[in-house]
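Trainee: Here is a sequence with its predicted model. Questions after.
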Number of protein chains: 2
Amino acid sequence: MVAKDRQTEEIIFEAATEEFIHKGMDGARMQEIADRAGINKALLHYYYRSKEKLFNAVFEKLSGQIFKKFAPVLDDNLSFEEKIRFFYREHLEILRKNPRLPAFILNEMNRNPEWMKKLILKIDIPKVWERLESLHKEDFERYHITRDNFPQLMTSIVALSVFPFAARGIFSTILESMGYDFDDYIEKRKIYAADFVINALR
Amino acid sequence: MVAKDRQTEEIIFEAATEEFIHKGMDGARMQEIADRAGINKALLHYYYRSKEKLFNAVFEKLSGQIFKKFAPVLDDNLSFEEKIRFFYREHLEILRKNPRLPAFILNEMNRNPEWMKKLILKIDIPKVWERLESLHKEDFERYHITRDNFPQLMTSIVALSVFPFAARGIFSTILESMGYDFDDYIEKRKIYAADFVINALR
DNA sequence: GGAAGGTTTAACCAGATGGTTAAAAGTAGT
DNA sequence: ACTACTTTTAACCATCTGGTTAAACCTTCC
């Protein structure tokens, strides 16, 4: 029966996602995933042959999510500044909805560097640079963005949105001790981070 | 024999550090730590009664390292800008020498949030804010730093130095694909990040 | 040299863990 | 109702893991 098949598979997938994202590959237990999905442990192996296969399925979907919304960066119709604002607005919103994603990805990437290496090498980074450079020649000149300092800028931009989530445990504690709220902080960050970068470049 | 005692304990500690920093609490194996230290597994339990105790000893030392060098921030004799430059110079240097530290800390903090919460709450954050605010009243006014956007600024500053290491796996791959070197990138970052922040505030 | 102390080892153990198996239960087409 | 098929289950297994035990081995001091 296709309908129920799909349902069970999805229930398992979601339970596995929860478990892996909280405890990582090493910490997660097949029994716990089964319990969470309300099924027998053998059923896990029926749908996903091994823990590794199940993990890979989950990881692939989650890592895809975090790299989404990067595409509009290459869009013709947005100015350089608009791109920066767009990026923080959209990316921080995705992360707000999936706050554990960054920690999870960094975690597993650290555990299995080769894995991520393959994923990254699919993207032709030098081409991205060339495209951006030709698309915003004037801005790049005005802001002194060169091929040499381009990585510095890019990593800075990403750091400002991803790091608060990667270190959410620390940050939300600190924020609370000052009487602020993490979700509030993120909402304001959509503007703050964009202003911060644009100002830094001027 | 005190001399040898100390030596064995240190060898174990170093082996455990290596193992934990590479594989985390969950991934690390007592047998591997013993092998790495060239001793018997039972000897581990003789010196450190359990895996958890051993881990805590390692974690405490490592987490101390990353929070060192934050103290001069409260120093009277440095101007606000000098503090920012000092921070990136010193902090990035520590991280360059211990590149796996950030990933490890974030990792374990994610695994055991309560743990870190206690550690953070030892610091009186509001007091740090007050001290800085009174120390650099003019700068804060000029740069529009208020109690409300202070967390935004602080997290941004830390993000720029820590995140490249937390995501080192990705970043070094990307850098290499553009023909650059991670260590070079970090060396340049000491200046770049400081300029970036100071410009952003202007 | 031998008693007393800490140090190191090999062998062992209970429980957890990922994975398997074979049979029962459900479903659909005829 | 019967067959062919997929789905689900309980029971089981081999291996791994953190931790223990009891005996051997040093060192030191008398």
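Mentor: Structure received.

Trainee: Going by C-alpha atoms from here, please, whenever you check contacts or count neighbours.
Mentor: OK.

Trainee: tell me which element A:D184 falls in.
Mentor: helix A:182-201 (DSSP states H and E).

Trainee: Now for A:D181: which residues touch it?
Mentor: If you count contacts by Cα atoms under 8 Å, 6 or more residues apart in numbering or on different chains, A:D181 has them with A:S172, A:L175.

Trainee: Break chain A into its domains for me.
Mentor: Chain A breaks down by automatic domain parsing into domains covering A:2-60, A:68-201.

Trainee: Nearest approach to B:E52 belongs to which of the ones you listed?
Mentor: When the domains of chain A are compared by Cα to Cα, domain A:2-60 sits nearest B:E52, at 14.6 Å.

Trainee: Can you give me the buried ones in the helix holding A:D184?
Mentor: A:182, A:185-186, A:189-190, A:192-201 (16 or more other Cα atoms under 10 Å in any protein chain shown).

Trainee: And stretch A:38-56, by the same measure?
Mentor: Quick answer for stretch A:38-56 (16+ other Cα under 10 Å): A:L44, A:Y48, A:K51, A:L54, A:F55.

Trainee: go on, stretch A:171-184?
Mentor: For stretch A:171-184, by 16+ other Cα under 10 Å, it's A:F171, A:S172, A:T173, A:I174, A:L175, A:S177, A:M178, A:F182.

Trainee: Could you dump those residues into TSV and include secondary structure and pLDDT?
Mentor: Listed next are the buried residues of stretch A:171-184 as TSV, based on DSSP: H, G, I helix; E, B strand; the rest coil; pLDDT from 0 to 100:
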residue	secondary structure	pLDDT
A:F171	helix	94
A:S172	helix	94
A:T173	helix	93
A:I174	helix	93
A:L175	helix	95
A:S177	helix	92
A:M178	coil	94
A:F182	helix	97
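
Trainee: Now narrow these to whatever sits close to chain B.
Mentor: Within the set of the buried residues of stretch A:171-184, contact with chain B (Cα under 8 Å from any Cα of the partner chain) is found for A:F171, A:T173, A:I174, A:L175, A:S177, A:M178.

Trainee: ok so, going back, now the domains of chain A as JSON lines including distance to B:K122?
Mentor: As requested, the domains of chain A are exported to JSON lines (distance: least, Cα to Cα, whole Å):
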{"stretch": "domain A:2-60", "distance to B:K122": "26"}
{"stretch": "domain A:68-201", "distance to B:K122": "11"}
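
Trainee: closest one to DNA strand D among these?
Mentor: Nearest of those to DNA strand D, taken as Cα to the nearest atom of the strand: domain A:2-60 at 4.1 Å.

Trainee: The closest one close to chain B?
Mentor: Yes - using Cα under 8 Å from any Cα, we find that domain A:2-60 touches chain B at A:H22, A:K23, A:D26, A:G27.

Trainee: quick one: contacts for the residue in chain A that chain B sits nearest to?
Mentor: In chain A, the residue that lies nearest chain B is A:A200 (3.7 Å; Cα to the nearest Cα). Listed by Cα under 8 Å, 6+ apart, the contact partners of A:A200 are B:D195, B:F196, B:V197, B:I198, B:N199, B:A200, B:L201.
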